[in-house]
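K.L.:
curious how this folds, go ahead:
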Amino acid sequence: MPWVLDPELPGRIPPGELCSLVSLLASGLPGTVPEDGREALLPYVVLVRGALRAHPDDASLLWLASLLLRRVGEAEEAVELAVRSYALAPSFQAALAEGYACRDLQRWPEAERAMVRALEHDPANLALYTDIGEMLHSSGRPQEGLEWVERALRREPRHPNAYPTACGMRFERDGDVRHLVELADHLRGDPGNEHGDAVLGEQCGLRLWLGRVPGPTESVIDVLYQMVEREEVPAGGELTVSAPEPPSALLAFSLVAPGFALTIADAPEPDARLTVPEVYAHGPVRGVTRRVWRYEGMTAVPAVPPPSREALEAVAAVAALRWPHLPAAYDHAVRLSGLSLGDLLGVLVHPPLSPYGEPAAVPLWIRQVQAWACLGIAHHQAGQPWAESERRSVLTDLAYGPEDWVNEAALLGMIATAWMDPDAREDVAELVAWRYLAAVEASKTRPVTILGSLAALVLATPGMHPDVRALATEE
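P.N.:
Numbering: from 1, shown residues only. Alright, predicted model coming up:
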């Protein structure tokens, strides 16, 4: 309203009412307001600056103004106001306002001193211990930061701020996914903990399988990308591949370049067309009964019928989404629990059309579809105990079937289950480990295009044997 900009207004409003206004406004804003949202706040910034001219020695107004101005990107001015407030009337709020403003400016020593000074006013504020720890971590002192957070945990082992932060810092320190699994377990008992959910998302977001599906690495996909880069996919041609590559990769190629004839030159040992139990006598899986691909000579063809239109639409709706972390993906996939097992298996080899319109997006789209379909299978007859469940049987068959992207997606379904169900963890860790070790063994004599992705799945698995983890870390 125009009257907010009246230069005489601040002098007519009692300081206490101005403080209430600024406090209410600042508390409803994020720590840093995005630049495109700051213009709407400019009238209030003008009002606050006018209030400071009218009441230059009001300590409360000074530190509240510091909080507001820091949020709209005026951190230098915010520091000055907080320092003035503390000089007039030393307080927890003024010291904290200075610390936050210095932190935004990456003036780390000043931020640390101010935050520690604030803690002297409120020694029981465990959330501030966490803030100090996070600030030290951001400044390049991760071990000292973790020590501050652990000081809070010694006083309250499951503190809603400190515990998630500690889990995230420990994961960054050693890369062991058990810290994130412990955080996920904690969040199931405290589902409203937004800070914990944010920490889990931050740690998982860009990591393979924890927050995103890895891209493909096959030679046919490289050829596909090269053709797309030339902005004109040839209407026809021939392509010879030296050895069998995942049928899903060949499917992606044929969807983008349907006029090409693909030829597989040879099938080196161990034969990628066979199931893992057919190649190796060791491991927990003795046979595979369900297959979504079958081979006619060197050619892979779908072994299951196409899914229903409703199933294609349902899977396409979730496959367009990125998950913030693996537990969120598992929870979201419950939307697919109403689909039949036949439909979910059909989607794996008869995927819905890509909604992106770019030919280069087709391979990753298929991988996303397969991941979500297997997350849906992880909910199939969820009331059955994992060890005797049909979902375990199906996912195991898919994981140990002929070498394909479907193997990876099935392992993801298992791993997501293990994150959510502690009773499944030991079994899932064994199944994932043996599937990875089979791929490692095969890679000694022939290319295994999914090996790097399988290694990432190993690192995402709760309770994985340390030796297997170490081997996967080297991949």
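K.L.:
thinking Ala373 is in contact with Leu336, fair?
P.N.:
Yes. Here Ala373 reaches Leu336: they are 7.3 Å apart, a contact under C-beta atoms under 8 Å. Every residue, glycine included, has its C-beta placed from N, CA and C.
K.L.:
those two - which one has more neighbours?
P.N.:
Neighbour count, other C-beta atoms under 10 Å: between Ala373 and Leu336, Ala373 has more, with 33 against 25.
K.L.:
which stretch of helix or strand covers the closest residue to that one other than its chain neighbours?
P.N.:
Distances taken as C-beta to C-beta, 6 or more residues apart in numbering place Val347 nearest to Ala373, at 4.5 Å, with adjacent residues excluded. Assigned by DSSP states H and E, Val347 belongs to helix 341-349.
K.L.:
for the very next helix or strand once past that helix, buried residues please.
P.N.:
Per DSSP H and E, the first helix or strand lying C-terminal to helix 341-349 is helix 362-377. By neighbour count on 16 or more other C-beta atoms under 10 Å, the buried set for helix 362-377 is 362-377.
K.L.:
what is the helix or strand of the chain with the lowest mean pLDDT packed up against?
P.N.:
Scoring the helices and strands of the chain by mean pLDDT, DSSP states H and E places helix 9-12 at the bottom, with a mean of 80. When contacts are defined as 3 or more C-beta pairs under 8 Å, 6 or more residues apart in numbering; DSSP states H and E, helix 9-12 packs onto helix 42-54.
K.L.:
whatever helix or strand comes next after the helix it packs on vs helix 42-54, what angle?
P.N.:
Proceeding C-terminally, helix 42-54 gives way to helix 59-71 as the next helix or strand, assigned by DSSP H and E. Calculated by axes from the mean of the first three to the mean of the last three C-alpha atoms, to 10 degrees, helix 59-71 forms an angle of 150 degrees with helix 42-54.
K.L.:
list of residues touching helix 59-71?
P.N.:
By C-beta atoms under 8 Å, 6 or more residues apart in numbering, the surrounding residues in contact with helix 59-71 are 15, 18-19, 22-23, 25-26, 29-33, 44-45, 48-49, 51-52, 55, 75, 77-79, 81-82, 84-86, 88-89, 91, 93-94, 97-98, 100-101, 104.
K.L.:
next step: these restricted to strands.
P.N.:
Among the contacts of helix 59-71, none falls in strands (DSSP state E).
K.L.:
so how do I select the buried members of those residues in PyMOL?
P.N.:
Buried subset of the contacts of helix 59-71, written as a PyMOL selection, criterion 16+ other C-beta under 10 Å:
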select buried, resi 15+18+19+22+25+26+33+44+45+48+49+51+52+55+75+77+78+79+81+82+84+85+86+88+91+93+94+97+98+100+101+104
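K.L.:
inside helices: which ones of the contacts of helix 59-71?
P.N.:
Among those, the members falling in helices are 15, 18-19, 22-23, 25-26, 44-45, 48-49, 51-52, 75, 77-79, 81-82, 84-86, 88, 93-94, 97-98, 100-101, 104 (criterion: DSSP state H).
K.L.:
could you point out the helix or strand that follows whichever strand or helix holds Leu251?
P.N.:
Using DSSP H and E, Leu251 sits within helix 247-256. On the C-terminal side of helix 247-256, the closest following helix or strand by DSSP H and E is strand 260-264.
K.L.:
report the angle between that following strand and helix 247-256.
P.N.:
Going by the same axes, to 10 degrees, strand 260-264 makes 160 degrees with helix 247-256.
K.L.:
now find how far off-centre strand 260-264 is within its chain.
P.N.:
Computed by C-alpha atoms, centre = their mean, to the nearest Å, the chain-centroid distance of strand 260-264 equals 37 Å.
K.L.:
could you dump it to PDB, C-alpha only?
P.N.:
Extracted in PDB, the C-alpha atoms of strand 260-264 (Å, rounded to 0.1, in the frame of the first residue of the first chain):
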ATOM      1  CA  PHE A 260      18.600 -50.000 -38.800                       C
ATOM      2  CA  ALA A 261      19.500 -53.600 -38.900                       C
ATOM      3  CA  LEU A 262      21.500 -54.600 -35.800                       C
ATOM      4  CA  THR A 263      23.800 -57.600 -36.000                       C
ATOM      5  CA  ILE A 264      25.600 -59.200 -33.000                       C
END
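K.L.:
which helix or strand lies directly C-terminal to it?
P.N.:
As assigned by DSSP H and E, the chain's next helix or strand after strand 260-264 is helix 276-279.
K.L.:
just how off-centre is that next one within its chain?
P.N.:
Centroid separation between helix 276-279 and its chain, computed with C-alpha atoms, centre = their mean, is 33 Å.
K.L.:
so which bits of the helix or strand following that helix are buried?
P.N.:
Remark: after helix 276-279, the chain's next helix or strand is strand 293-296, criterion DSSP H and E. For strand 293-296, a neighbour-count test (16+ other C-beta under 10 Å) marks Trp293, Tyr295 as buried.
K.L.:
and strand 293-296, which strands flank it?
P.N.:
As defined by DSSP bridges, the strand partners of strand 293-296 come to strand 299-302 (antiparallel).
K.L.:
run a quick neighbour tally on the spatially closest residue to Glu390 that is not a sequence neighbour.
P.N.:
Nearest residue to Glu390 in three dimensions, chain neighbours excluded: Gln381, at 5.5 Å (C-beta to C-beta, 6+ apart). Per other C-beta under 10 Å, the neighbour tally for Gln381 reads 12.
K.L.:
can you tell me how far Gln381 is from Leu344?
P.N.:
Distance from Gln381 to Leu344, counting by C-beta to C-beta, to the nearest Å: 12 Å.
K.L.:
do the same with Tyr295
P.N.:
Here Tyr295 is placed at a distance of 22 Å from Leu344 (C-beta to C-beta).
K.L.:
now do Glu17
P.N.:
Glu17 sits at a distance of 61 Å from Leu344 (criterion: C-beta to C-beta).
K.L.:
the more surrounded of those two?
P.N.:
Leu344 (27 against 10).
K.L.:
the more buried one against His380, yeah?
P.N.:
Yes. Shown here, Leu344 and His380 form a contact pair, counting by C-beta under 8 Å, at 7.4 Å.
K.L.:
below-threshold pLDDT in the chain: ranges please.
P.N.:
By pLDDT under 70, the low-scoring segments of the chain are 1-4.
K.L.:
run the last query once more with 80
P.N.:
1-8, 10, 231-232, 235 (pLDDT under 80).
K.L.:
buried ones in whichever helix in the chain runs longest, by neighbour count?
P.N.:
Taking DSSP H as the criterion, the chain has its longest helix at helix 425-442. Within helix 425-442, the residues scored as buried using 16+ other C-beta under 10 Å are 425, 427-440, 442.
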